[in-house]
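Visitor: Turn this into a structure:
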Amino acid sequence: MERPECDGQRERPDEETIMSSLHGEETVIPDACTHQLFEEQVNRTPDAAAVTCGDLSLSYRELNSKANQLANHLRGLGVGPEALIGICLPRTPELVVSLLAVWKAGGAYVPMDAAYPQERLAFMATDSDALVLITNEHLRQRFPSLAGRLLPVDSAWPEIEQQPASNPGLPARPGNLAYVMYTSGSSGKPKGVMIVHRGLVNYIVWAANAYGMKSGMSSPVHSSISFDLTVTSLYPALICGGTAELLPEHVGAQQLLELLRRDRLPRLVKITPAHLELLNRQLAPEDVADTARTFVIGGENLPAESLALWREHAPGTRLINEYGPTETAVGCCVHEIGSGDASAGSVPIGGPIANTQLHVLDGNLRPVPPGKIGELYIGGAGVARGYLNLPDLTDRSFLPDTFSGESGARMYKTGDLARCRADGVLEYMGRMDNQVKVRGYRIELGEIEQALAAHPDVQACVVLAREDTPSMKQLVAYVTARRGRSPEAAALRDFLGACLPEYMVPAKFVFVDVFPLTPNGKVDRKALPAPVHQFVASPGNVASEPRTDTERQVSAIWRELLGIGEIGLDDDVFDLGADSLMAVMAITGLQEAFKVDVRLKNLFEAPTIAGQAKVIDQLGWIGQLHAGEAGEREEIEL
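Guide: All right, here's what the predicted structure looks like:
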């Protein structure tokens, strides 16, 4: 099957073209689904490594055979076109087997992150009415009400592997659903975005060509299955003979850092600006050259300042800013950073990918002139079918595309503000509503506010995304308490953690008597104060300040990362605003300071200064005990 060549280069449009729309190159979209492109690659490179995970590896032939066996089993369970199949598995080869198998059986998958609260997983399973939910024995307890529909692939595999290993045929067509991915919803409930195969194939084929994915290249898969960043990391590699390197959840960000430090392999790496900031802080200038062939950076606004290290010390690394909401099949607009780009301010989002049209419109859906700000609308192959079970929201968000000339064509109303420069390059100018991006995740602040307002001690609340420390954006909740109540941050955090994923739980809580108001009586969000940590000694604990050199150094590392003056020995650093990316930064500091092999799980299991100091002392003691012995240092289990 011939694939279109998409190098991302466009002729400079004239002003009239800019005012009407920006058109990506028109190419022929393969009349196939992604798994068929994968099957073609199996025939070309059957023995090449398709998926690796630590010491585990599956060749293209092995991955295809296992996916076929599971697909044939699913067909026997009634799976066919438009059937929705939940998938809740860790990042292991079984996950990739399951994703491909659902497509080969004709169905569409609903990715479910096992780290999500049980309440949210239950909503997704119920809302999607999943015919089957693929999981494993360890995770099946997360779905107590779906016992009859669960398929634990580990325990069921002896039965599954009796199925034929041949390709099961072509039950799905390009117009059928490929996946339903849930995103944060302003109504207080997540909403499922319905992506069809044709739009997904358009993006994957374009990305493989434009980003230079070739046979023998690798791509680390380090993000959640429920985050469409994973689509870029996984599928372009699998249709080109590359290798998808699966990084386990508990070490994802840390292992990505170690991988880039250690192995100088040709890689396509998809990351968020938050991931990039992590690499900036942890990699020395002499370490960045040849770290990756291509960095695709997406998920939120990209500051040009964060690219300085790479532009100076890794000139051979391609740096590409990719923009695109989940509703338009991952990415629809790109800008590759060149020598002439500015070194400060926001990086442009560029221009449309193949078979995509972008329109900057005013409130009457008329194109605005170059240099004027309007709302960005997206048309073309990647536009989703709509939102699952939400026809009214679908009608408000997916409008008839009057610019297309194609009957039935629709364009997606993004809610993003943009302007088109005179050279035809788009610039992102912010949001029209309270939707934000934090660590690449799209978050509706209203969903958090509704969940928090349900706590019996909360009278009113407002949630903001603040960036009081450069490149360290965090969610902050402002709360007024009901009369006679005194809610605590830890209790509110636990309450939200029971219904919201970790990335939506505010890092900090600020309690106020009243909210500042604007002249028209609305909450003045700009006047809300920055959070200030108040050190409080633990009750009855006279030794609340560091007592040993280890505790003092651990405390110093965390104070710098959190930007606060004091931390008690028993303070939970994650209660003070730390997240998983910040924990990776802490690990590097701890390893350099103490010369011990501290790991990410150590910090999660011992989140206090006292606890981490104890782990480090134990690791140091074991290191001295086994000094000179061969083998890897033992990892302490708390």
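
Visitor: Just the mean pLDDT for stretch 165-176, thanks.
Guide: The pLDDT scores in stretch 165-176 average 92.

Visitor: ugh, wrong one, stretch 547-558
Guide: Across stretch 547-558, the average pLDDT comes to 89.

Visitor: buried ones in it?
Guide: Buried residues in stretch 547-558, counted by 16 or more other C-beta atoms under 10 Å: 550, 551, 553, 554, 555, 557, 558. Using the backbone N, CA and C atoms, a C-beta is placed for each residue, glycine as well.

Visitor: Check the offset of it from the chain's centre.
Guide: Offset of stretch 547-558 from its chain centre (C-alpha atoms, centre = their mean, to the nearest Å): 33 Å.

Visitor: Show me what that stretch is in contact with.
Guide: Contacts to stretch 547-558, defined as C-beta atoms under 8 Å, 6 or more residues apart in numbering, come from residues 546, 567, 569, 573, 578, 586, 589-590, 593-594, 609-610, 612-613, 616-617.

Visitor: gap between the two ends of stretch 210-222?
Guide: By C-alpha to C-alpha, to the nearest Å, the extent of stretch 210-222 from end to end equals 21 Å.

Visitor: can you give me the strands for the stretch 451-600 of the chain?
Guide: Secondary structure of the stretch 451-600 of the chain by DSSP state E, counting those that start in this stretch: the strands cover 458-469, 472-481, 508-511.

Visitor: May I see those arranged in a markdown table, with mean neighbour count and distance to residue 141 as well?
Guide: Shown next, in a markdown table, are those (neighbours: other C-beta atoms under 10 Å; distance: least, C-beta to C-beta, whole Å):
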| stretch | mean neighbour count | distance to residue 141 |
| --- | --- | --- |
| strand 458-469 | 17 | 31 |
| strand 472-481 | 20 | 29 |
| strand 508-511 | 19 | 31 |
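
Visitor: for the ones you listed, which one sits closest to residue 258?
Guide: Nearest to residue 258, of all those, is strand 472-481, at 21.9 Å by C-beta to C-beta.

Visitor: Okay, now the sheet partners of the closest one, with direction.
Guide: Partner strands for strand 472-481, per DSSP bridges, with pairing direction: strand 458-469 (antiparallel), strand 508-511 (parallel).

Visitor: Throw those into TSV and include mean pLDDT and distance to residue 66, thanks.
Guide: Putting the strands paired with strand 472-481 into TSV (pLDDT from 0 to 100; distance: least, C-beta to C-beta, whole Å) gives the following:
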stretch	mean pLDDT	distance to residue 66
strand 458-469	86	42
strand 508-511	90	45
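
Visitor: related to what we said a few turns ago, which one of the contacts of stretch 547-558 sits closest to residue 70?
Guide: Nearest to residue 70 among the contacts of stretch 547-558: residue 578, at 38.9 Å, using C-beta to C-beta.

Visitor: Quick check, central residue of the protein?
Guide: A centroid search over the chain (C-alpha atoms, centre = their mean) returns residue 227, at 4.0 Å, as the residue closest to the centre.

Visitor: Mean confidence (pLDDT) on the host helix or strand of residue 235, please.
Guide: With secondary structure defined by DSSP states H and E, residue 235 is part of helix 229-238. Summarised as a single mean, pLDDT over helix 229-238 is 96.

Visitor: cool, and stretch 200-211?
Guide: 97.

Visitor: ok, now stretch 267-282?
Guide: pLDDT averaged over stretch 267-282 gives 86.

Visitor: centre of the chain versus that stretch, how much separation?
Guide: Offset of stretch 267-282 from its chain centre (C-alpha atoms, centre = their mean): 12 Å.

Visitor: Going forward, the N-terminal residue is numbered 47.
Guide: Yes, from this point I'll number from 47; that puts the last item at stretch 313-328.

Visitor: Give me the buried positions along it.
Guide: 313-328.

Visitor: Now do the strands in the stretch 347-496 of the chain.
Guide: 364-369, 379-382, 397-398, 402-407, 419-426, 432-433, 444-446, 456-466, 472-477, 481-484, 487-490.

Visitor: okay, these in a markdown table with distance to residue 197, mean neighbour count and mean pLDDT next?
Guide: Listed next are the strands of the stretch 347-496 of the chain as a markdown table, based on distance: least, C-beta to C-beta, whole Å; neighbours: other C-beta atoms under 10 Å; pLDDT from 0 to 100:
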| stretch | distance to residue 197 | mean neighbour count | mean pLDDT |
| --- | --- | --- | --- |
| strand 364-369 | 34 | 24 | 96 |
| strand 379-382 | 38 | 22 | 97 |
| strand 397-398 | 40 | 24 | 96 |
| strand 402-407 | 36 | 24 | 96 |
| strand 419-426 | 36 | 23 | 96 |
| strand 432-433 | 26 | 22 | 97 |
| strand 444-446 | 33 | 15 | 97 |
| strand 456-466 | 34 | 21 | 95 |
| strand 472-477 | 40 | 17 | 91 |
| strand 481-484 | 34 | 20 | 83 |
| strand 487-490 | 28 | 21 | 86 |
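
Visitor: Nearest to residue 520, out of the ones you listed?
Guide: strand 481-484 (7.2 Å).

Visitor: and that closest one, which strands flank it?
Guide: Counting by DSSP bridges, the strands paired with strand 481-484 are strand 487-490 (antiparallel).

Visitor: and for the partner strand, what are the contacting residues?
Guide: Residues outside strand 487-490 that contact it (C-beta under 8 Å, 6+ apart) are 229-232, 273, 345, 371-372, 480-483, 511, 521, 549-550.

Visitor: Much appreciated, bye for now.
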